[in-house]
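Visitor: coordinates for the following, if possible.
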Amino acid sequence: MRICVIGSGIAGLSAAFYLSAYPDTDVVVYEQEHRFGGRAAVTDDGEHCPRFFLEDYTELFAILRKIPGNGCRDSFNVLARTRRYAHTAGVGWLEISHLYVMLAKEVPLREKIRLLWSWRPSPLVAERRLRSVNKYGSLRNYSLRPLLRIGMNLFGSKTGYTLPGPTDEYLIAPWVNHLTADGVVMRTDCRVTEIGLDGDRMSVTTGDDTSRFDAVVVTAFIPDLVHLLNTSRIDHTVVDGQQINCAAFTLDLDPAEKIFAAGDPAFYCRSGVNVLVQPEHHRCVVLCTRALSTEESYILPEVRDMLGLEYPVVRVRSRSNQQPGEALFAGDSLRPERILRRPLPHVYFAGSHIRSSYPIDSAEAAVRSAFNAVGALRRDLTGSFEPVPAPGKVDPSEGVTE
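Guide: Below you'll find the predicted structure:
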């Protein structure tokens, strides 16, 4: 079989990984940008967000155990357990044993009440706060259902892991190299302009070239998905609801900063500013969710105060996440069987925005949706689904750097 995967984000790379496990399958991945990674790609403006993996990312971890790592035997062992710090009015910064302040036993009840009171205008959206000039938040395509799913998921993960440095260096590049070594054809600068049924196969058009495949796995994020289905004249139900945007900063810091002395990655969160410190690369990645402003003039002093920085910041990169394919997803996930109004054989959908067994928009949701899509594809095209050799439950703490 010859399969086309559209998009090289986590879902696209996962689909290619699962498909390449079958010796009877040739896989081609088309990426419209000039770098692989989708929303996980690192651009000239830095990281899309702090790359943080919860302990229940079992399917992602299973894949990473099969991919040679940067300086480790596999990409799973590159991950390091992340310390979590919360700021309290009485004590200041306090290391907590749970990812989430409300579930941390170290935080006094009065502090939790104070935090809940400060969050009352909105759980996610900064622009609703009084005095806020952060206009990246958006209520469009937002509902209580995903918020409830997030809330339920809080009880499943007490800790998390992170990469020691840039996502492209420690995650995307090893993954792409592994797929290439397995015979997957990886192509950048290939925007798919149209897909369609051509007899009993699918035609895929990129520029002036049209190729035929036995099946297509579409992993494009919602705006690109809508555009592709529209240009292909395929009747669908997907609405581009303008996802929630959260600005991100990637800051290179002076190696002499005291914050690096502990040597461990750490997460600091206060007033809607979330900072992931990566000592090995002398940098931090900042995600602005409920901050009063996303302007550099506001964020840099906040980070300097939070981390106790003593030296000038070496380099500042900022990413507004306002491009169509970059925004964070906080709407109801799409049911793959309901995306098309009329069934179209040999077309399958994956992505963190596609309904899977994981409840929130994340790398794990992308992986699980890809696993589901490949399973459906194999059943439809071969009549059976042989288990992929790689997936399987894994102890997230095994082999992870302490």
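Visitor: pLDDT wise, what is the residue lying closest to residue 330 once chain neighbours are set aside at?
Guide: Taking CB to CB, 6 or more residues apart in numbering as the measure, residue 330 lies nearest to residue 244, with 4.6 Å between them; neighbours along the chain are not counted. Every residue, glycine included, has its C-beta placed from N, CA and C. Confidence at residue 244, expressed as pLDDT, is 76.
Visitor: isn't residue 244 up against residue 321?
Guide: No: between residue 244 and residue 321 no contact is recorded; they are 9.1 Å apart, counting by CB atoms under 8 Å.
Visitor: now the helices for the protein?
Guide: Listed in chain order, the helices of the chain (DSSP state H) span 10-20, 58-64, 109-118, 144-153, 167, 173-181, 222-231, 296-307, 363-382.
Visitor: quick one: closest of the ones you listed to residue 191.
Guide: Closest to residue 191 of these, according to CB to CB: helix 222-231, at 9.0 Å.
Visitor: CA atoms of that closest one as CSV?
Guide: What follows is the C-alpha trace of helix 222-231 in CSV, where atoms were taken according to Å, rounded to 0.1, in the frame of the first residue of the first chain:
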residue,chain,number,x,y,z
ILE,A,222,-8.4,23.2,11.9
PRO,A,223,-7.9,26.3,9.7
ASP,A,224,-5.7,24.4,7.3
LEU,A,225,-8.2,21.4,7.4
VAL,A,226,-11.1,23.7,6.5
HIS,A,227,-9.1,25.3,3.6
LEU,A,228,-8.1,21.9,2.2
LEU,A,229,-11.6,20.5,2.3
ASN,A,230,-13.0,23.6,0.7
THR,A,231,-10.5,23.7,-2.1
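Visitor: of all the residues in it, which ones are buried?
Guide: When burial is assessed from 16 or more other CB atoms under 10 Å, helix 222-231 yields the following buried residues: 222-226, 228-229.
Visitor: same thing with stretch 194-210?
Guide: Buried residues in stretch 194-210, counted by 16+ other CB under 10 Å: 195, 201-206.
Visitor: between all of those residues, which two are separated the most?
Guide: Taking every pair in these and measuring CB to CB, the maximum separation is 16.2 Å, between 201 and 206.
Visitor: show me where the stretch 151-300 of the chain has strands.
Guide: Taking DSSP state E, counting those that start in this stretch as the criterion, the stretch 151-300 of the chain carries its strands at 160-162, 185-187, 192-198, 201-206, 209-213, 215-218, 247-252, 266-270, 273-278, 283-288.
Visitor: please name the strands paired to the last one in the sheet, noting orientation.
Guide: Same thing as strand 283-288. Using DSSP bridges, the strands paired with strand 283-288 in its sheet are strand 247-252 (antiparallel), strand 273-278 (antiparallel).
Visitor: the third one now?
Guide: The partner list of strand 192-198 in its sheet, established with DSSP bridges, is strand 201-206 (antiparallel).
Visitor: outside of the strand it pairs with, which residues touch it?
Guide: 4, 6, 30, 190-197, 210-216, 346-347 (CB atoms under 8 Å, 6 or more residues apart in numbering).
Visitor: among those residues, which ones are buried?
Guide: Neighbour-count burial within those applies to 4, 6, 30, 190, 192-193, 195, 213-216, 346-347; the criterion is 16+ other CB under 10 Å.
Visitor: just give me the closest of the residues you listed to residue 370.
Guide: residue 6 (12.2 Å).
Visitor: what sits against the closest one?
Guide: The contact partners of residue 6, by CB under 8 Å, 6+ apart, come to 12, 30, 192, 195, 204, 216-220, 228.
Visitor: just residue 45 next, same as before
Guide: With CB under 8 Å, 6+ apart as the criterion, the residues that contact residue 45 are 250, 317-319.
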